[in-house]
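Chemist: Everything below, folded, please.
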Amino acid sequence: MPVAAILAFDKVVPFDLATPIEVFSRSRTYEVKVCGTATVDAGAFKLQPPWGLDGLAGADTVIVPGCSDVFAPVPDDVCTALRSAADAGARIASICTGAFILAAAGLLDGKRATTHWLAAQVLADRYPAVTVDPNVLYVDNGQVLTSAGAAAGLDLCLHLIRKDYGSAAAADAARLSVMPLEREGGQAQFIVHPQPVVPQGSTMEPLLRWMIDNAGRDLSLEDIAGHARVSARTLNRRFREQLGTSPLQWLHNLRIRQAQALLEATSAPVELIGARVGFGSPTAFRERFKRVVGISPTAYRLAFQSAAQPADGVRQSAGDR
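Modeler: Down below sits the predicted model:
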């Protein structure tokens, strides 16, 4: 039976620690070991791992849960144990900010990796040898894997079981743990895309307010420039200087954010929402939405909608279910 060792590093995130224990234990196809250096601070409780770092020796898979303090130094003996496990052929995976521990051990150098989107820039700044992708649920480099937030850790664990035992075993593990089936690793993290900023007191403010009020219209660059009474070239320059983007990109981001709100709060057909926020065709809306958010409008609705009522009395179309 393969050994799955969970490294409980100090200041561990409780849910990130519980996730691999729950998934691998319930699958009944792994021997699970919780390893650590000393008493582990899990916030609301303390944990005394049954195995020390020597428990990583001989493990087939090593899981590193997230740590609550990404700036805390990683002890040399932890880095050495992880490198030794990797050199011995163990598969090494991290959940959420556990990627910082793998990076400190040098296991992510020259590799693509992910972590929680809130910590992604910190990871990239501290470890420039790592290519950080904040837009996916998990990254599988073969021997070394990383995942985003706690929920993505569930997906990563199911992904590992599927690699070892097949899709049926992963589905069984998901059902036993009363979890949804695995999402694809390339799916985007659900990053909050805020409403485009309207700088207070900026000379652009009246124009931006007008764009917000008229976002549902089929506005062209020339339409916006005409309202501002400047050339398209001047308008582009002012947007770049003050907002760091182009007029149309700012407008598209506004429309996508409006569409997200409608998908969350209503049951209106996707085609109607796309038209309502200003996209000329359902295809253009779906393509733009997936490019920005990472998943389709329908998938976004399934993930975020909460008991919405049909908008304007329009029932959900069959193609949107």
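Chemist: could you pull out the helices for this protein?
Modeler: With helices called from DSSP state H, the chain shows them at 14-27, 76-87, 99-104, 120-126, 150-165, 167-176, 205-213, 221-228, 232-243, 247-265, 270-276, 282-293, 297-304.
Chemist: Pick the most deeply packed of those.
Modeler: helix 99-104 (a mean of 26; mean count of other C-beta atoms under 10 Å). To be clear about C-beta, it is placed using only N, CA and C from the backbone, and glycine gets the same treatment.
Chemist: ok, residues contacting that one?
Modeler: By C-beta atoms under 8 Å, 6 or more residues apart in numbering, the surrounding residues in contact with helix 99-104 are 7, 9, 64, 67, 70, 73-74, 78-79, 82, 92, 94, 108-109, 113-115, 119, 123, 126-127, 130, 144, 146.
Chemist: got any ranges where the chain has weak pLDDT?
Modeler: Filtered on pLDDT under 70, the chain yields the residue ranges 177-202, 303-321.
Chemist: Dump the helices of the chain into CSV; add distance to residue 44 as well.
Modeler: Shown next, in CSV, are those (distance: least, C-beta to C-beta, whole Å):
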stretch, distance to residue 44
helix 14-27, 7
helix 76-87, 23
helix 99-104, 21
helix 120-126, 25
helix 150-165, 15
helix 167-176, 26
helix 205-213, 44
helix 221-228, 52
helix 232-243, 43
helix 247-265, 31
helix 270-276, 41
helix 282-293, 34
helix 297-304, 28
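Chemist: Filter the contacts of helix 99-104 down to the buried ones and hand me the ChimeraX line.
Modeler: Restricted to buried positions by 16 or more other C-beta atoms under 10 Å, the ChimeraX selection for the contacts of helix 99-104 reads:
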select :7,9,64,67,70,74,78,79,82,92,94,108,113,114,115,119,123,127,130,144,146
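Chemist: Which of the contacts of helix 99-104 fall in strands?
Modeler: Under the assignment DSSP state E, these contribute 7, 64, 92, 94, 113, 144, 146 to strands.
Chemist: mind giving me TSV with those residues and columns for distance to residue 255?
Modeler: Below are the ones in strands among the contacts of helix 99-104 laid out as TSV (distance: C-beta to C-beta, whole Å):
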residue	distance to residue 255
7	45
64	40
92	42
94	36
113	32
144	39
146	32
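Chemist: Name the nearest of the residues you listed relative to residue 235.
Modeler: residue 113 (39.3 Å; C-beta to C-beta).
Chemist: Please name the nearest non-neighbouring residue to the closest one.
Modeler: Once flanking residues are discounted, residue 113 sits nearest to residue 146: 4.3 Å by C-beta to C-beta, 6 or more residues apart in numbering.
Chemist: What's opposite the one you found in the beta bridge?
Modeler: Listed by DSSP bridges, the beta-bridge partners for residue 146 are residue 94, residue 139.
Chemist: Could you double-check that it lies in contact with residue 116?
Modeler: No - Residue 146 is beyond contact range of residue 116, at 10.6 Å (criterion: C-beta atoms under 8 Å).
Chemist: Okay, domains of this structure per the record?
Modeler: For the chain, automatic domain parsing gives the domain ranges 3-176, 205-320.
Chemist: separation between residue 34 and residue 164?
Modeler: 20 Å (C-beta to C-beta, to the nearest Å).
Chemist: and what of residue 72?
Modeler: From residue 72 to residue 164 the distance is 32 Å (C-beta to C-beta).
Chemist: Also residue 301?
Modeler: Counting by C-beta to C-beta, the gap from residue 301 to residue 164 is 33 Å.
Chemist: tell me the contacts of residue 105?
Modeler: Per C-beta under 8 Å, 6+ apart, neighbours of residue 105: 74, 78-79, 82-83.
Chemist: quick one: which of those is nearest residue 241?
Modeler: residue 74 (42.2 Å).
Chemist: Excluding covalently adjacent residues, which one is nearest to that closest one?
Modeler: Per C-beta to C-beta, 6+ apart, closest to residue 74 is residue 104, 3.9 Å.
Chemist: Kindly report the same for residue 68.
Modeler: residue 11 (4.7 Å).
Chemist: Which residues are in contact with that neighbour?
Modeler: Contacts for residue 11 (C-beta under 8 Å, 6+ apart) come out as 40-41, 67-69, 72.
Chemist: Only whichever of the residues you listed are buried, select them in ChimeraX.
Modeler: To isolate the buried subset of these in ChimeraX, counting by 16+ other C-beta under 10 Å, use the following:
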select :40,41,67,68
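Chemist: could the contacts of residue 11 be laid out in a markdown table, adding distance to residue 98?
Modeler: Converted to a markdown table, the contacts of residue 11 look like this (distance: C-beta to C-beta, whole Å):
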| residue | distance to residue 98 |
| --- | --- |
| 40 | 13 |
| 41 | 15 |
| 67 | 7 |
| 68 | 11 |
| 69 | 12 |
| 72 | 13 |
